[in-house]
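Novice: how would this look folded up:
(2 chains)
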Amino acid sequence: MDNSRERRVESAKVWRKHVKRALGVLGVLALFVTTVACSKESADGSGNSIENADGKSKLAIALTLAPTNLDIRNTSGTALEQVLLDNVYEGLLTLDERNLPVPLLADTYEVSDDALKYTFRIMTAVTFSNGNTLTAKDFEYSINDIITNKLKNYEQLDRVKSVVAQDDLTLTIEMKAPDANLLWNLAGRIGIALDRTATNDLMNSAIGTGPFTIPESGWVQDQSLTLQKNANYWGGRSNERAKVDEILIRYIPDPNAAVNALLSDDVQVLAPIVEKMQDGISDADKERFEFLVAEGSDKFVLAFNNAREPLTDIRVRKAIRYAIDHDEIIAARGGKADLKLGGPIPKLDPGYQDLTLLFTYDAEQAKSLLAEAGYNDTNKLKLTLKYCATVYGAELGSILTSQLAKVGIELEVINVEFATWLQDVYTNKDYDLSLVDHNEPRDFSAWANSDYYFGYDNPKVKELYTNSTFAKTDDEQASLIATAAKLVSQDAAADWLFNYRTTLAIKKGVSGLRANSNQTRLPLINLW
Amino acid sequence: MRTKARFFHINPSISYVLHRVLILFASTILASIIIFTILRILPGDTATIIAGKDASVGQVERLREKMGLNAPLIEQYFEWIKGFFTGSLGNSAVDNTSISASIWQKSLVTFPLCILSLLFSLIIALPIGIMAGMRTNKQKVDDKNRGIKINNFNIANFFDFILQGASAIPALWAGLLILLLLGKGVGVLPILPSQGFPLGGFGVSPQEAFVSLLLPALSVAIIVSSRIMRVTKTEIQKVQDADFIRFAMSTGKTRLNAMLKIGLRASGTAIFSTIALTFAEMLTGVVVVEKLFALPGLSSMLLHDIGVRDLIKVQSELLLLVLFILILGIVIDVISSIIDPRIGRRETKYYAQWAVGGFRRSRGSRNVRERGSA
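Specialist: Okay, here's the model as predicted:
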């Protein structure tokens, strides 16, 4: 009896051991199988767009900078205009590839000879994504709402006297004075149509007439935005609908993760890819993608606080400009995409001229200017550079520090986050030098506004700029701005480190993406 | 007075629990005040962020008014704390979406990530820690018996050495290396997703979600496992000369068996609390890994929300975190007393005596000793 009981206990023990081992092996196997199965599953997307199980075509795009929220009426930033304009919202006009205004929801428009009255004929049979029909009344509401509630960019409507819907399809805008920028501005966010009866929360949803809609909870803050094809889209100017059923826009600020997403085909477009990251991609992998350098209006501005000692002294400002070797900076960033920029106007904007020869790198010149201003080895010029190093790259700060040190300027770099920058630099103007990517197109007005954080005040520039806004023709406007821009550059009001041109990485076979100005406007209707 | 006395008289451990809950409540309130105040010291606010770098002063002011940022601080505080304790965290100041929904959503990334990391690190750390702890003693015995060192090298000490080194690796670097090994599209053996998390999470595509957490969890595990390993090693070393191990061996157990069955349990509390604290630390500590693998987790959300000054959201997130860690502390105590009953008894006894002390002062000292030892 005792013996058999013992034996039973023994055999039970042995059994338990076996079962345990078997379970362990099974567990490891199961883990391995699921892993391999999963990796196979998503590696299949070899076509242009990934066909889903439900037969819908999908594409994913990775962008870097996420908009704070979706509120087109209050929230600043081109990241918002980039994804919403022309995709979800549409305006009277839009911008073409050369950044010039062309009609969109306005079928035709007329401008009176004195440029005081604009008449827009609105397209018929256009509906909002909620089903409501678009009429001139919606434009009347949308634009007047901006003026009365002083919403984002209301300054652009300063000279507007009235906006009136004459009938369902006619909108007239009467002006107090001519405004050469009005049409271009109307192609931006002030000219879009919002449904006057809609009550949706603009902060996290959007109702427009565009080729895409944002589904319920399609907006995930700081993560992603889902765009779905608007099946009832009116067709746009070329009478087409979106080619892809669903586009997922992912915001990936980490350059490594972004490239990994591209390489593993989790996204098919990366806009932009950090130039230096391309070196890490193998040649075989590079074959799978197309790399496009796009023109854009990103200006990396080394801002000087023109209103604060010692930068009120033009000799000091000039010395800094002479001390900066732009070639070295551009080479450090990769060297292939960025362009030298000698003044406040990038290539795509009116009034561009090559100003890079005004201040070429000349350390001796810089030193003698500093000596003239009373600085030498015993009385060193000490400056601080306050900027968001995590956003624009810490290497820029260190290059500038070493370049300025060569001419005897001691630069202290202070890394701040964006909110602190807005408070310290932008609002309180408590800084010597700062560094910002001003990526808005046609933003020359900042130099004609002495309240702006640059603190630059030149009556001549102000006058030229004001005249340019009254200009009768585009050429006249461009030449006035060009003259003003040259003055700003000669005054050494800032240093323009480079014109950052984005590099797009697009999976081969994917087409229909507009490269130029993709950081300010990214129409996706033709993406395929 | 009589009811109070009776209460303690009936069950000292209830008073213990009650005491802990009171402390929990007080700490939460204190933490809420600290969090609220410190966040208000930060420069800038949501309105300036939304208005951006082309805003006029008037625009910022109007936004501030609209968002209720101009309300008196005291009022803002009480509104928040009332909402917090009644379970309504409100909406984000930035995009007006539900705060509790997004915390829940992000938790479903971070908690599985941390649990998985912990699992991995236990698999790595416990066997090595135990082996390393035991081997040293064996060597000592060998040395004493034979007067010579026979073998300096053993596999556990080797892993011990490797893990010590691993603890010095920055998370970012470990992650990058692991990506180069196993990351899809970039790695030598490209089998695991290199970044991202499926949009629907575990609810929609659990398999995909699980797989996308493997590499991040592994990189966290490599780093944290060394700490768990070290604690295990020292604890094992501490108990292996204890009498109860010798007694256990006298019943016929091998040394290893005795250590695993009895030694591990005796040193279990220290190991367990290290594990639990590591877990708490991970919740916000995995931020680098979350960034590298583009995972939409709690810590990257917290960082983002601080960046855009969504203070309403940040303060709730932080306070929930505080609450979680405080509750974790209680859980650690309870579980520790289960692992090692000596601790629980000591604790409750202390509180019982404390409670009875109060009773004695008011009612005299009748039967105190009996109750104290009950």
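
Novice: helices or strands up against the lengthiest helix in chain B?
Specialist: Using DSSP state H to define each element, chain B has its longest helix at helix B:99-146. Judged by 3 or more CB pairs under 8 Å, 6 or more residues apart in numbering or on different chains; DSSP states H and E, helix B:99-146 is in contact with helix B:155-167, helix B:206-239, helix B:268-285, helix B:287-292, helix B:298-307, helix B:311-339. Bear in mind the C-beta positions are built from the backbone N, C-alpha and C, glycine included.

Novice: include distance to residue B:67, mean neighbour count and mean pLDDT when you put the ones you listed into a markdown table, please.
Specialist: Listed next are the helices and strands packed on helix B:99-146 as a markdown table, based on distance: least, CB to CB, whole Å; neighbours: other CB atoms under 10 Å in any protein chain shown; pLDDT from 0 to 100:
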| stretch | distance to residue B:67 | mean neighbour count | mean pLDDT |
| --- | --- | --- | --- |
| helix B:155-167 | 44 | 15 | 76 |
| helix B:206-239 | 35 | 22 | 88 |
| helix B:268-285 | 27 | 18 | 86 |
| helix B:287-292 | 27 | 23 | 89 |
| helix B:298-307 | 15 | 22 | 92 |
| helix B:311-339 | 9 | 18 | 88 |
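
Novice: Throw those into TSV and include distance to chain A, thanks.
Specialist: Converted to TSV, the helices and strands packed on helix B:99-146 look like this (distance: least, CB to the nearest CB, whole Å):
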stretch	distance to chain A
helix B:155-167	20
helix B:206-239	4
helix B:268-285	16
helix B:287-292	5
helix B:298-307	5
helix B:311-339	9
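
Novice: which of those sits closest to residue A:423?
Specialist: helix B:298-307 (13.1 Å; CB to CB).

Novice: show residues contacting that closest one.
Specialist: Outside helix B:298-307, the residues that touch it by CB atoms under 8 Å, 6 or more residues apart in numbering or on different chains are A:221-222, A:417-419, B:42, B:92, B:94, B:102-103, B:106-107, B:109-110, B:283-287, B:290-291, B:313-314, B:317-318.

Novice: which parts of the stretch 201-350 of chain A are strands?
Specialist: Assigned by DSSP state E, counting those that start in this stretch, the stretch 201-350 of chain A shows strands spanning A:212-213, A:219-220, A:224-229, A:246-251, A:269-271, A:289-293, A:298-304.

Novice: ok, residue A:139 touching residue A:92?
Specialist: Yes - in this structure, residue A:139 is within contact of residue A:92 by CB atoms under 8 Å, at 6.8 Å.

Novice: shared neighbours of the two, which are they?
Specialist: Here residue A:139 and residue A:92 share the contacting residues A:105, A:120, A:171, A:193, scored by CB under 8 Å, 6+ apart.

Novice: what about chain B: which of these touch it?
Specialist: The subset of those within reach of chain B, by CB under 8 Å from any CB of the partner chain, is empty.

Novice: nearest to residue B:34 among those residues?
Specialist: For residue B:34, the nearest member of the shared contacts of residue A:139 and residue A:92 is residue A:193. The distance, counting by CB to CB, is 48.1 Å.

Novice: run a quick neighbour tally on the closest one.
Specialist: 26 (other CB atoms under 10 Å in any protein chain shown).
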